[in-house]
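K.L.:
got a predicted model here, sequence first, then my questions.
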2 protein chains.
Amino acid sequence: MTKYDGILIKHGFLLTMQGDGLGTIEDGAVAIEGEDIVAVGPTDEVARAHGGAEKVIDARGKAVLPGFVDGHIHTGLSLLRGEAQDVPEIEWMLKTMAPFTGHRKPEHGVKGTALGVLEAVKAGTTTFGEIGGDMGAAAEEVFIPSGVRANLASTINEIGPGSRPDANKPYIFFEDVGEARFREALELIERYDGTGDGRITCILAPHGADMMSEELLLRVKEKAEELGKLAHIHVAQGGREEIQMRLRYGTTTIRYLDSIGYLDDGLIAAHCHQTTDDEVALLASRGVRYASCPASIAGIDGITPPLALFLRSGGRYATIGSDQAPGNGHHNMLVEMKVAALLNKTRHRDPTALPAWKMLRLATAEGAAALGLGDRVGSLEPGKKADVILLDLKAPHMTPVLLKPVRNVAPNIVYSARGDEVTDVIINGAMVVENRKVTTMDEEKVVAEAQRAAEEIAYSAVEDYMAADSVLAKAARKGLI
Amino acid sequence: MTKYDGILIKHGFLLTMQGDGLGTIEDGAVAIEGEDIVAVGPTDEVARAHGGAEKVIDARGKAVLPGFVDGHIHTGLSLLRGEAQDVPEIEWMLKTMAPFTGHRKPEHGVKGTALGVLEAVKAGTTTFGEIGGDMGAAAEEVFIPSGVRANLASTINEIGPGSRPDANKPYIFFEDVGEARFREALELIERYDGTGDGRITCILAPHGADMMSEELLLRVKEKAEELGKLAHIHVAQGGREEIQMRLRYGTTTIRYLDSIGYLDDGLIAAHCHQTTDDEVALLASRGVRYASCPASIAGIDGITPPLALFLRSGGRYATIGSDQAPGNGHHNMLVEMKVAALLNKTRHRDPTALPAWKMLRLATAEGAAALGLGDRVGSLEPGKKADVILLDLKAPHMTPVLLKPVRNVAPNIVYSARGDEVTDVIINGAMVVENRKVTTMDEEKVVAEAQRAAEEIAYSAVEDYMAADSVLAKAARKGLI
């Protein structure tokens, strides 16, 4: 990444996210020294005090805002992009994702992560709420050298080969698997928390209430509290999880988690879409942090996750996430904001649900707060780390820029931008994208290696995939796709 | 536009849309002579017979498909982008759009149309199902010189100043306004139908059953039949129209139109979202053509228009449209396909609804057929006009390209592409976009003129807009946006 002895961004259309709204400054400047934002304000004031910066960026015709927080993401799966969409809910996991499992090697995950980080950072994502396996390698080979900010967690569950022979019987849990994964998760924290000049933070991730015993669930929570870490868990993920919870505990995930004292503001709960309105209200009242993945869940389960409902129920912390490519398609917070707003408007038959300014706050300041990073990033203000993105407002689809009767920059970012408007990305004070080029990664190499790794997995999995006989496999046999 | 003595596109990943599915050819070529496609097939065969083309495009690493059909679009409104979203349904028309009306001059419409066409063609739209006022000027100054294909209609209604003093009383119709607009619509056909080397076709557009008398509605339909033209009409557009139809006819739009014999395969019905399932089934059974605008209607009315339902009900012809920028945000069929699929999946709680391959067919072959252009465009096959687009598959977010176990190019175009992947656009055999540059328009000039025109409208409308006191005006006063 390219570091300068001071960066001054001037004459930008600033969306600072200071206060409760967008915190707009129409002709604004941001001064950066080292890793930090040191001044934000009208250009004439800031430029006078910080004119000596080594790098001066003239942001005329550009929007300047905090980098996006992708609150729930599994970049490693980007190698399976396009192999699992448009299938019945029950087939997604078992007939289109599972056939690849035995063919994925550890090195594939890192290639997928590099690809996912590359596409996301080019579209303005600066903070990754990444959960998965092999997080140590991902940190070492991708998150640290790429210069991005990441809140990593190594998945803890008790699922091994043979755990799920029948979706209608309780999964078989393996205690030794759980122990090994718990150990790995703690090692990740010991080894990587605070690395990368503080860009890398680590938390805990109990996989889900259907994936591990109550005993292990509780031990992970206790450990998180002891370490002062958040726990990031998948909750009420569709019909498969519902069946498991009924079989094992005779209740729903949320009622169960509440009964064991799991729901509080130390928890980030992802998805939560197989839920009643009352259960969402319960999450909100317990102070749980909500990670909502609208495009992914709409695609996989045909359900709009209850983001607007959670906020209307008084939920305080929420973040949105792109989840994974074989469901969502891509890791693009700009398209995600549009999809999230439109899905929630139709869920409530209310076009005022999740307005553009609120989506931008969820994708920046409020998302950062939900991940426990609100004191470091999410807004442009002195004292925060310098995670800043610039977007070109001169593209035809971003024209016009109007300041009256209402400023249209925020709605145009949410409803019209799609990723290639992002010209520059600064993370922790360093230029990670400059004139649309990623400075920290060899883009062609990342793409070529991802292509090769994906072919290795996919082409060796053909027999298993076709044998699973999903609707996609059937359509392929018919020659439709 | 740049014309060559023959174009050969070779080594592309072809989605021809021949047959009932995608008509994939993995290493395919398209040969173009004059305005026409003359050969489509495996590269080795086609290249042998057409190697002498003046322009040879190596499409390795690219998808090659028919250009997109935007079946319902009002490009002129792109100047109001970002000024009307996130408001209650009833406010959209009356409190955020209407305040601009008195400040728009004829020349503004053409500047908006140029902007809308520019952004759309860069994202792969080749056919515009445009409806609006001043269509003669739009044809003359934009659609003909820009080289795109357009199916134009001049709106016919009886609405004048003072027609709508009260949303809860029947609108006042002005017969003379209706006569003038009908005449204008017929003049458009006389003057422009078949111009631009046949790229421009003209049809009729009765505005809506709530906007004109029964007598005029019927006269327009009769005229359309006499001329052998389709009629493109707005149908069941939300609560405002519902109130009008109850007041005037004591029934719903669709029941009313059926009672006067309006529903048949000569009609393109746009929107149709304020409807029961039975009414959608009735449309389908009558053979009506459906123009569905998912993102726009979700944004304006908080409703997913019934596209999947229409098709499940046996509807034969459907097209999707981006409608207008102050609702949708942009004119981008790639993002529209994703939004359409996800919205319809959640409407039916069914992730198999509108799969990627079907969305691509709706945006190409089936959309063209719905507009009555199915014999000319919509697929890559000999005898069709050469409307062809190329998309870069090497971008990080389009990686990997997998041919097995299922080909992932189509889902990646629908769920991951967002517009800037489009490298080349050929319309009627001419290169309209070449290496991402539009050859027929001065992009900077279009953007600058649109900016200026938008400022003229918006800044003179400030007082009217703020006086209308929409939720946006209120939020602006609070400093939130």
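P.N.:
Done, it's in.
K.L.:
where does the stretch 1-150 of chain A dip in pLDDT?
P.N.:
Judged by pLDDT under 70, the stretch 1-150 of chain A has no weakly predicted residues.
K.L.:
all helices of it, in order?
P.N.:
Taking DSSP state H, counting those that start in this stretch as the test, the helices found in the stretch 1-150 of chain A are A:43-49, A:89-91, A:98-101, A:106-122, A:135-138, A:144-146.
K.L.:
grab the nearest non-local neighbour of A:Arg477.
P.N.:
A:Met466 (7.9 Å; C-beta to C-beta, 6 or more residues apart in numbering or on different chains). Placement of C-beta: from N, CA and C, glycine included.
K.L.:
of the helices of the stretch 1-150 of chain A, which approaches chain B most closely?
P.N.:
helix A:106-122 (3.9 Å; C-beta to the nearest C-beta).
K.L.:
who's in contact with the helix or strand where the residue nearest to A:Arg477 lies?
P.N.:
Using DSSP states H and E, A:Met466 sits in helix A:462-468. Outside helix A:462-468, the residues that touch it by C-beta atoms under 8 Å, 6 or more residues apart in numbering or on different chains are A:83, A:91, A:94-96, A:98-100, A:102-103, A:473, A:476-477, B:404-406.
K.L.:
quick check, the helix or strand hosting A:Gly327 touching chain B?
P.N.:
Assigned by DSSP H and E, A:Gly327 falls within helix A:325-328. Yes: counting by C-beta under 8 Å from any C-beta of the partner chain, contacts between helix A:325-328 and chain B involve A:Ala325, A:Asn328.
K.L.:
following element in sequence after that helix, please.
P.N.:
Moving toward the C-terminus from helix A:325-328, the next helix or strand (DSSP H and E) is helix A:333-347.
K.L.:
show me what the next helix or strand after that following helix is packed against.
P.N.:
Going down the chain from helix A:333-347, the next helix or strand is helix A:356-362, by DSSP H and E. On a contact count with 3 or more C-beta pairs under 8 Å, 6 or more residues apart in numbering or on different chains; DSSP states H and E, helix A:356-362 meets strand A:318-320, helix A:333-347, helix A:409-415.
K.L.:
what does the average pLDDT come to for helix A:356-362?
P.N.:
Averaging pLDDT along helix A:356-362 gives 98.
K.L.:
tell me the contacts of the residue nearest to A:Glu366 when sequence neighbours are not counted?
P.N.:
Ranked by C-beta to C-beta, 6+ apart and with sequence neighbours excluded, the top spatial neighbour of A:Glu366 is A:Ala318, at 6.2 Å. Residues near A:Ala318 by C-beta under 8 Å, 6+ apart: A:Arg289, A:Tyr290, A:Ala291, A:Ser292, A:Leu307, A:Phe310, A:Leu311, A:Leu362, A:Glu366, A:Gly367, A:Ala370.
K.L.:
residue of the stretch 151-300 of chain A nearest chain B, please.
P.N.:
For the stretch 151-300 of chain A, C-beta to the nearest C-beta, closest residue to chain B: A:Ala298, 4.2 Å.
K.L.:
please apply the same query to the stretch 51-200 of chain A.
P.N.:
Of all residues in the stretch 51-200 of chain A, the one sitting closest to chain B is A:Gly82 (2.7 Å; C-beta to the nearest C-beta).
K.L.:
neighbours of that residue, how many?
P.N.:
28 (other C-beta atoms under 10 Å in any protein chain shown).
K.L.:
for it, grab phi and psi.
P.N.:
Phi and psi for A:Gly82, reported as degrees, to the nearest 10, are phi 80, psi 10.
K.L.:
hang on, the earlier thing: among the contacts of A:Ala318, which one has the most neighbours?
P.N.:
Per-residue neighbour counts (other C-beta under 10 Å) across the contacts of A:Ala318 peak at A:Ser292, which has 33 neighbours.
K.L.:
okay, and A:Leu188 sits in which element?
P.N.:
Going by DSSP H and E, A:Leu188 is in helix A:175-192.
K.L.:
name every strand pairing with the very next helix or strand once past that helix and say which way it goes.
P.N.:
As assigned by DSSP H and E, the chain's next helix or strand after helix A:175-192 is strand A:200-202. Paired neighbours of strand A:200-202 in the sheet (DSSP bridges): strand A:149-156 (parallel).
K.L.:
quick check: residues of the stretch 1-150 of chain A near chain B?
P.N.:
A:19-22, A:24, A:78-79, A:81-83, A:85-89, A:92, A:99, A:115, A:118-119, A:122-123.
K.L.:
ok, 7 Å please
P.N.:
For the stretch 1-150 of chain A, the residues found near chain B under the criterion C-beta under 7 Å from any C-beta of the partner chain are A:20-22, A:79, A:81-83, A:85-89, A:115, A:118-119, A:122.
K.L.:
buried subset of these?
P.N.:
By neighbour count, with 16 or more other C-beta atoms under 10 Å in any protein chain shown, the residues of the stretch 1-150 of chain A next to chain B hold A:21-22, A:79, A:81-83, A:85-89, A:115, A:118-119, A:122 as buried.
K.L.:
okay, the closest residue to A:His108 other than its chain neighbours and A:Gly51: tell me how far apart.
P.N.:
Residue nearest to A:His108 in three dimensions, not counting chain neighbours: A:Ala453, with 4.7 Å by C-beta to C-beta, 6+ apart. In this view, A:Ala453 and A:Gly51 are 47 Å apart by C-beta to C-beta, to the nearest Å.
K.L.:
rewinding a little: which one of the residues of the stretch 1-150 of chain A next to chain B sits closest to A:Ala395?
P.N.:
Proximity of the residues of the stretch 1-150 of chain A next to chain B to A:Ala395 (C-beta to C-beta) peaks at A:Lys122, which lies at 15.1 Å.
K.L.:
pretty sure that closest one sits against A:Val422.
P.N.:
Yes: using C-beta atoms under 7 Å, A:Lys122 is in contact with A:Val422, at 6.5 Å.
K.L.:
overlap of the contact sets of these two?
P.N.:
Contact criterion C-beta atoms under 7 Å, 6 or more residues apart in numbering or on different chains; residues shared by A:Lys122 and A:Val422: A:Val433.
K.L.:
which SSE is A:Glu158 in?
P.N.:
Under the assignment here (DSSP H and E), A:Glu158 is part of no helix and no strand.
K.L.:
contacts only, for it.
P.N.:
Each residue near A:Glu158 by C-beta under 7 Å, 6+ apart is listed here: A:Phe173, A:Phe174, A:Glu175, A:Val177, A:Gly178, A:Met211, A:Met212, A:Ser213, A:Leu216.
K.L.:
near the fourth one, how many other residues are there?
P.N.:
It refers to A:Val177. Neighbours of A:Val177 (other C-beta under 10 Å): 17.
K.L.:
touching, it and A:Gly160? I think so.
P.N.:
Yes: here A:Val177 reaches A:Gly160: they are 4.5 Å apart, a contact under C-beta under 7 Å.
K.L.:
for A:Gly6, give its distance to chain B.
P.N.:
Distance check for A:Gly6 against chain B: by C-beta to the nearest C-beta, to the nearest Å, it reads 31 Å.
K.L.:
isn't that residue right up against A:Gly34?
P.N.:
No: A:Gly6 lies out of contact with A:Gly34 (C-beta under 7 Å); the separation is 8.6 Å.
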